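[1] fold the following, please.
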Amino acid sequence: MEPQTSHTQPTWLQMTDADFLAKMEKLAKSKKRSHDTYHNIHLPELNARLNLGLDIAQPPEVTPEDDAFAARADLSNKGKIGVVYLGSSMVERFKTTGIETKLGALGKRGVAWNAGCGGDRNENVLFRFGLGMYDYLKSAQFDSDNEGCHVRIWVLSSGTNNLHAKRTFRDNDVASWRLLVEACLRIAPGSRVLACDVQYRKDIKKEIVDENNGILVRVVEEVNRELVDAGWGKRVVWVVSRSLLGEDMLIDHVHFNECGYAVWDGVLWPLVEGTVSDVGESLD
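    Here you go, the predicted model:
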């Protein structure tokens with residue numbers, strides 16, 4: 001009798017990058033705005049800050065007809081990347097509505113890089129990872145000649161656009177959110193993920209939002225258990241702020257006004273500030 005062989009599948013920590021990217025691709029969904037934001041904003045910014053040397057077109061010129069809340073490529077900040085804002089317009093608008101906050105300033109002239117995209121669902125963020133963002137960020141972490149990227153903190157705010165008015169998250173909503181957490185830690189194994197709770201919005205009952213957040217809390221707990229078992233320690237921090245952000249802090253059904261960003265910044269900044277100090281960054 002031939003000896004039995006183990007068919008245990010490698011964990012997300014053990015997978016090759018090729019296999020992990022293939023896993024992400026199965027849940028990723030393309031979206032024109034995600035594609036355009038990556039190529040017109042995020043890639044030019046990464047090219048400047050990571051010294052990629054890519055021969056790419058200059059970002060489109062801003063016109064008066066453009067959406068005032070739309071993010072623009074910022075090629076003036078060529079500083080190293082120590083913090084990444086990842087997700088939907090909730091983080092993207094730290095470039096616009098929330099620009100006067102400490103997190104806004106950290107992206108404008110500090111060590112943060114804003115990888116938010118308006119309208120993105122979890123699976124659209126996975127799509128952007130697959131366009132090259134995952135590879136560029138990870139390669140920079142392990143390139144001894146590239147001092148431009150050492151991600152220590154991720155501010156992950158995703159899932160708002162996965163909400164549904166009549167039900168909780170489906171399995172793919174949860175699986176895609178978990179993949180975002182895993183991708184962050186695979187890119188920068190020594191980093192921490194600040195997993196932000198999904199915020200209330202006017203068109204979704206609070207009970208549904210709360211139930212969905214409970215689902216994500218269990219994902220965080222599960223991922224942290226796996227990390228502890230692997231000797232990494234807990235690296236995902238669940239950040240709760242939705243009870244502090246009332247409807248009077250929204251400019252529409254979902255987006256924060258300046259006051260809302262100031263409150264959110266007050267919750268997040270103490271968790272980010274130490275990282276900024278570690279790399280000797282000043283916002284003065």
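[2] now Ser158, nearest residue through space, not along the chain?
    With Cβ to Cβ, 6 or more residues apart in numbering as the criterion, Ser158 has its nearest non-adjacent residue at 4.0 Å, and that residue is Gly87. C-beta coordinates here come from the backbone N, C-alpha and C atoms, glycine included.
[3] who are the contact partners of the one you found?
    Contact partners of Gly87, counting by Cβ atoms under 8 Å, 6 or more residues apart in numbering, are 115-116, 120, 125, 155-158, 196.
[4] take the residues you listed and keep only those in strands.
    Counted as lying in strands by DSSP state E, out of these, are 115-116, 155-157, 196.
[5] just put the residues you listed in JSON lines and tack on distance to Glu222, neighbour count and pLDDT.
    Shown next, in JSON lines, are the ones in strands among the contacts of Gly87 (distance: Cβ to Cβ, whole Å; neighbours: other Cβ atoms under 10 Å; pLDDT from 0 to 100):
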{"residue": "Ala115", "distance to Glu222": "25", "neighbour count": "28", "pLDDT": "98"}
{"residue": "Gly116", "distance to Glu222": "26", "neighbour count": "26", "pLDDT": "98"}
{"residue": "Val155", "distance to Glu222": "21", "neighbour count": "26", "pLDDT": "99"}
{"residue": "Leu156", "distance to Glu222": "16", "neighbour count": "25", "pLDDT": "99"}
{"residue": "Ser157", "distance to Glu222": "20", "neighbour count": "26", "pLDDT": "99"}
{"residue": "Cys196", "distance to Glu222": "18", "neighbour count": "27", "pLDDT": "99"}
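[6] closest one of those residues to Lys31?
    For the ones in strands among the contacts of Gly87, the residue nearest Lys31 by Cβ to Cβ is Gly116; the value is 13.7 Å.
[7] tell me the bridge partners for the closest one.
    Taking DSSP bridges as the rule, Gly116 bridges to Gly87.
[8] show me the contacts for it.
    Contact analysis of Gly116 by Cβ under 8 Å, 6+ apart lists 71, 85-95, 157.
[9] what about 10 Å?
    Taking Cβ atoms under 10 Å, 6 or more residues apart in numbering, we find Gly116 in contact with 37, 41-42, 71, 84-95, 107, 125, 155, 157-158.
[10] check Asn47 too.
    Residues in contact with Asn47 (Cβ under 10 Å, 6+ apart) are 53-56, 73, 75, 136.
[11] so Gly135 touches Leu21, yeah?
    One thing to correct before we go on: residue 135 is Asp, not Gly. Yes. With contact defined as Cβ atoms under 10 Å, Asp135 and Leu21 form a contacting pair (8.2 Å).
[12] so which of these two has more stuff around it?
    The residue with more neighbours, out of Asp135 and Leu21, is Leu21; 18 against 14, by other Cβ atoms under 10 Å.
[13] and that one, helix, strand or coil?
    Following DSSP: H, G, I helix; E, B strand; the rest coil, the label given to Leu21 is helix.
[14] so it touches Met133, yeah?
    No. Between Leu21 and Met133 there is no contact under Cβ under 10 Å: 11.2 Å.
[15] what's the overlap in contacts for the two?
    With Cβ under 10 Å, 6+ apart, Leu21 and Met133 have common neighbours Ala183.
[16] relative to Val209, how far out is the residue nearest to Lys205 when sequence neighbours are not counted?
    The shortest distance from Lys205 to any non-neighbouring residue, by Cβ to Cβ, 6+ apart, is to Ala165 (7.4 Å). Ala165 sits 11 Å away from Val209, going by Cβ to Cβ, to the nearest Å.
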